[in-house]
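Asks: Here is my input, please return the structure:
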Amino acid sequence: MTSLGTSPTTDLKVLVVDDERPALDELAYLLARDPRIGEVITCDSAAEGLRTLHEMDVDVVFLDIQMPGLTGLELAQVLSRFKTPPPIVFVTAHDAHAVDAFDLRAVDYVLKPVRADRLAEAVRRVVEGSDRAPGPAQSTQIPVELGGVTRFVDRTDVTHVEAQGDYARLHTAEGSHLVRVALSTLEEEWRVAGFVRIHRSLLVALAHVREVRMDAGRCSVVVTGPGGPGALVQLGVSRRHTRELRDLLLNRADG
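Replies: Presented below is the predicted three-dimensional model:
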């Protein structure tokens, strides 16, 4: 795969896959105008896109979702099994698949009609993502749906995560968002970002812990809650996780 840099002359090789010719041509045109793009290759079906990816390496795939035959999501699932899967940016008229995109580690999720500035932001995320260590934990923008609108929550804004069956609820100072991913998956992938388990159903971001309280031998932590800096939420810590949490917080303080 082509080595990426952060300069305006990155020269990315881009594959665009969309079964609708006007949308395909428009997206290819907008990408070709970006100074960080060196080559744009187009395919009008996911099957053709897969054949192309078996024949050559590309730096990023801009992929429609709703296509006849093999869908964009199905193609992304196939690509995830590649030894070195290319980054994927979904470009779609449908916002209902944002959670699926998150599960597949998409770099971005762009809604049609595509604006040039929004597309430039997607390219920026691709370029910046190339400078991070590889692996699923590199994605820090989480797509969430709110009132039929797809928004992106930055992982650094998440104070704690609560398990809800096969889903996880991300809590921030502004509110909470449900995403379709298991808590155990987030525990593994977000450990490098300072998220630790404090209960079988809770992860907490160490960076957001305001206080550690002990009451009758029971430990709890306090984080910022919805409503701003003055609103606090107290979270119980299970006995089995108390010592590990206190050691981590002490090490953070010593550092």
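
Asks: where in the protein is pLDDT low?
Replies: By pLDDT under 70, the low-scoring segments of the chain are 1-9, 95-103, 130-139, 146-149, 227-230, 250-255.

Asks: Specify the residue ranges that define each domain of this structure.
Replies: For the chain, automatic domain parsing gives the domain ranges 12-139, 157-254.

Asks: Adding distance to R151 and mean neighbour count, write those out as CSV.
Replies: To be clear about C-beta, it is placed using only N, CA and C from the backbone, and glycine gets the same treatment. Listed next are the domains of the chain as CSV, based on distance: least, CB to CB, whole Å; neighbours: other CB atoms under 10 Å:
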stretch, distance to R151, mean neighbour count
domain 12-139, 9, 18
domain 157-254, 8, 16
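
Asks: Can I get the ones you listed in a markdown table including distance to T150?
Replies: Conversion of the domains of the chain to a markdown table gives the following (distance: least, CB to CB, whole Å):
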| stretch | distance to T150 |
| --- | --- |
| domain 12-139 | 4 |
| domain 157-254 | 11 |
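
Asks: So H241 belongs to a strand, correct?
Replies: No - counting by DSSP: H, G, I helix; E, B strand; the rest coil, H241 falls outside a strand, being helix.

Asks: residues contacting E48?
Replies: By CB atoms under 8 Å, 6 or more residues apart in numbering, E48 lies in contact with V17.

Asks: and the one helix or strand it maps to, C-alpha only, in CSV?
Replies: With secondary structure defined by DSSP states H and E, E48 is part of helix 46-55. C-alpha atoms of helix 46-55 as CSV (Å, rounded to 0.1, in the frame of the first residue of the first chain):
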residue,chain,number,x,y,z
ALA,A,46,-18.8,-3.7,-5.6
ALA,A,47,-17.9,-6.8,-7.5
GLU,A,48,-15.8,-4.8,-9.9
GLY,A,49,-14.3,-2.9,-7.0
LEU,A,50,-13.2,-6.2,-5.4
ARG,A,51,-11.6,-7.4,-8.6
THR,A,52,-9.7,-4.1,-8.8
LEU,A,53,-8.5,-4.4,-5.2
HIS,A,54,-7.2,-7.9,-5.9
GLU,A,55,-5.2,-6.4,-8.8
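
Asks: can you give me how far it is from the chain middle?
Replies: 24 Å (CA atoms, centre = their mean, to the nearest Å).

Asks: How far away from the center of its chain is the helix or strand just after that helix?
Replies: Per DSSP H and E, the first helix or strand lying C-terminal to helix 46-55 is strand 60-63. Relative to the centre of its chain, strand 60-63 is centred 15 Å away, using CA atoms, centre = their mean.

Asks: contacts for strand 60-63?
Replies: 12, 14-18, 27, 31, 46, 49, 53, 72, 75-76, 79, 86-91, 107, 122-123, 126.

Asks: heading toward the C-terminus, what's the first helix or strand past that strand?
Replies: helix 72-79.

Asks: could you check the angle helix 46-55 makes with that next one?
Replies: 20 degrees (axes from the mean of the first three to the mean of the last three CA atoms, to 10 degrees).
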